[in-house]
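1. here you go, sequence then predicted model.
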Amino acid sequence: MGSIRTQVCIIGSGPSGLLLGQLLQNAGIDNIILDRVDEDYILGRVRAGVLETGTCGLMKQAGADGRMKKEGLIHHGFDLAFGGNSHNINLLKLTRGQSVMVYGQTELTRDLFDKRRQTGGQSIYSVSAVEPRDFDNIKPFVTFKKDGQNHRIDCDFIAGCDGFHGVSRQAVPESALKTYERVYPFGWLGVLADVPPVQDELIYANHERGFALCSMRSPTRSRYYIQCNSDDKVESWTDDAFWDELRRRLPVHLAEAMKTGPSFEKSIAPLRSFVSEPMRFGSLFTVGDAAHIVPPTGAKGLNLAASDVHYLFEGLRDYYLENSKITLDAYSERALMRVWKAVRFSWWMTTMLHRFPSSTGFDQKIQTADLNYIAQSELAQASLAENYVGLPY
Ligand code: APR
Ligand code: PHB
């Protein structure tokens, strides 16, 4: 068995693992990243694309923000559409100067891969049977298989950055975990197409036929979504059926302006809120999707992964460079406090914008009142904007 030693063993090479790895790398803290798939597979995943200021700041801190600064689109606001009209939420004005950056998660991940390569960070891909071991002890280790050989990494800490289906959370005894979950009774059908976006800001639309979202990846690439049934199959949605349904859910002037074309990616994602507490067990920490999932309404998933990384990095930095455990001991509590606020926000956005099959006449009236309140009250808009650009760390 090959045996290696590092300070922090990171399981998972998604945005959480790569960002944490880079911050540690830059601070001179030794780390190894393991993933069960390879780089190309990871870069093939299509995910959301709205970055909070804090996430952009972490990319800068990682030294991986060069391309993002050039190619990312700064958005000063977005539209909420309902009842045939659209209402602009002016983030810049409502938050006194804040905005968001539209830059695909795939691109952010690619930049982090490149940076890790440039700075000589060690990653091991296409591994199997990864197991975090003895993390209730001061000498944890991780075992895995690569090319039929067994390997072992001895470390001080294990960062579980291995997503919702990863091994890290599952390695913790069930009795030590408390989980909270809500599954929503619908999905999002998303397409990518090389057509210019319908307008230069995002549109979140509430419609009696269901939710719709107009987003983008660049001035020539659009990302559109419509609410669909949980059991819908991608194959049964032709491009024409998708565009027709999207147009029906948008105010007429936008539906008429929308350019359509062949999609080159089409997928259905379920919507769920999930939190597993705490986010630390001895020397094992859970980070990002390994600890929590939010529905995509409001684009908080990646941004929450980034704030977890921020808190964990601060803890590890103080541990290694300041000889203090205080920040590391506070990780789970600090991260969860912010996680729950984003869980609340994305649940609220989801509830306000979607059609629920079980919705009663009363529920419908409350939803409309919620939307009218936002459209008419600057204070309500300010709260929406404050959450959308991202609450402070
Ligand atoms: N062993 C090793 N690696 C694993 C294992 C395992 N048993 N299980 C999962 N992984 C890897 C996956 O292959 C994946 O590359 O962990 C990585 C987890 O990455 P993500 O799922 O992208 O999770 P995270 O890095 O926390 O990113 C959160 O991604 O899912 C979106 O909406 C979410 O935007 C948010 C962000
Ligand atoms: C996206 O561009 O994929 C996106 C944007 C905003 C969201 C969700 C997804 O709220």
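-> Happy to help now that I have it. Predicted, not measured: the structure shown is a model, and the values here were computed from it. Ligands and ions are numbered 1, 2, ... in the order given.
2. and residue 166, how far is that from residue 69?
-> Here the criterion is C-beta to C-beta, to the nearest Å. By it, residue 166 lies 31 Å from residue 69. Where you see a C-beta, it was placed from the backbone N, CA and C, and this is true even at glycine.
3. do residue 289 as well
-> Taken as C-beta to C-beta, the span from residue 289 to residue 69 is 26 Å.
4. check the offset of the helix or strand containing residue 387 from the chain's centre.
-> Element membership of residue 387, judged by DSSP states H and E, is helix 378-389. Counting by C-alpha atoms, centre = their mean, to the nearest Å, helix 378-389 is centred 20 Å from the centre of its parent chain.
5. give the buried residues for it.
-> With burial defined by 16 or more other C-beta atoms under 10 Å, the residues of helix 378-389 counted as buried are 381-382, 384-389.
6. is it anywhere near ligand 2?
-> No - judged by C-beta under 6 Å from any ligand atom, helix 378-389 makes no contact with ligand 2; its nearest approach is 8.9 Å.
7. residues touching that helix, excluding its own?
-> 52-53, 78, 89-91, 94-95, 98-100, 298, 341-342, 345, 373-374 (C-beta atoms under 8 Å, 6 or more residues apart in numbering).
8. still on that earlier bit, more neighbours: residue 166 and residue 69, which one.
-> Counted by other C-beta atoms under 10 Å, residue 166 and residue 69 do not tie: residue 166 has more neighbours, with 22 against 13.
9. residues touching that one, list them.
-> Neighbours of residue 166 in contact, by C-beta under 8 Å, 6+ apart: 11-12, 160, 289-290.
10. next one: phi and psi at it?
-> With angles defined as degrees, to the nearest 10, residue 166 sits at phi -70, psi 180.
11. equivalent analysis for residue 161, please.
-> As for residue 161, its main-chain torsions (degrees, to the nearest 10) stand at phi -110, psi 30.
12. around ligand 1, pick out the residues from the stretch 1-150 of the chain.
-> 11-17, 34-37, 42, 47-48, 105, 130.
13. which PyMOL command selects the buried ones in those?
-> Buried subset of these, written as a PyMOL selection, criterion 16+ other C-beta under 10 Å:
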select buried, resi 11+12+13+14+15+16+17+34+35+36+42+47+48+105+130
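14. anything in stretch 201-218 near ligand 2?
-> Yes - Stretch 201-218 reaches ligand 2 (C-beta under 6 Å from any ligand atom) through 202, 213, 215.
15. quick one: the strands in the stretch 251-393 of the chain, in order.
-> Taking DSSP state E, counting those that start in this stretch as the test, the strands found in the stretch 251-393 of the chain are 263-277, 280-281, 284-286, 292-293.
16. turn those strands into a markdown table, including distance to residue 123, mean neighbour count and mean pLDDT.
-> Below are those laid out as a markdown table (distance: least, C-beta to C-beta, whole Å; neighbours: other C-beta atoms under 10 Å; pLDDT from 0 to 100):
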| stretch | distance to residue 123 | mean neighbour count | mean pLDDT |
| --- | --- | --- | --- |
| strand 263-277 | 26 | 16 | 97 |
| strand 280-281 | 24 | 22 | 98 |
| strand 284-286 | 19 | 29 | 98 |
| strand 292-293 | 24 | 25 | 98 |
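17. go through those and name the closest to residue 138.
-> strand 284-286 (12.3 Å; C-beta to C-beta).
18. tell me the strands beside that closest one, with direction?
-> Strand 284-286 has its sheet partners listed here by DSSP bridges as strand 157-160 (parallel), strand 280-281 (antiparallel).
19. ok so, going back, mark which of the residues of the stretch 1-150 of the chain next to ligand 1 are part of helices, please.
-> 15-17, 42, 105 (DSSP state H).
20. look up phi and psi at the closest residue to ligand 1 within the stretch 101-250 of the chain.
-> Across the stretch 101-250 of the chain, no residue is closer to ligand 1 than residue 163, which sits at 2.8 Å (C-beta to the nearest ligand atom). With angles defined as degrees, to the nearest 10, residue 163 sits at phi 70, psi -180.
21. isn't residue 302 up against residue 47?
-> Yes - under the criterion of C-beta atoms under 8 Å, residue 302 makes contact with residue 47 at 6.7 Å.
22. which residues do these two both contact?
-> With C-beta under 8 Å, 6+ apart as the test, residue 302 and residue 47 both reach residue 105.
23. next, see if the longest helix that the chain contains gets close to ligand 1.
-> Longest helix in the chain by number of residues (criterion: DSSP H): helix 331-353. No - for helix 331-353, no contact with ligand 1 is found by C-beta under 6 Å from any ligand atom; the gap never falls below 10.5 Å.
24. residues contacting that helix, please?
-> Here helix 331-353 has contacts from 182, 184, 204-206, 211, 271, 273, 275, 277-280, 285, 291-292, 294-298, 300, 303-304, 307-308, 311-312, 315, 367, 370-371, 387-388, 391, 393, using C-beta under 8 Å, 6+ apart.
25. could you rerun that using 7 Å?
-> 182, 184, 204, 206, 211, 271, 273, 275, 277-280, 285, 292, 294-295, 297-298, 300, 304, 307-308, 311-312, 315, 367, 370-371, 387, 391 (C-beta atoms under 7 Å, 6 or more residues apart in numbering).
26. now the strands paired with strand 284-286 as a markdown table including distance to residue 189?
-> Converted to a markdown table, the strands paired with strand 284-286 look like this (distance: least, C-beta to C-beta, whole Å):
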| stretch | distance to residue 189 |
| --- | --- |
| strand 157-160 | 31 |
| strand 280-281 | 37 |
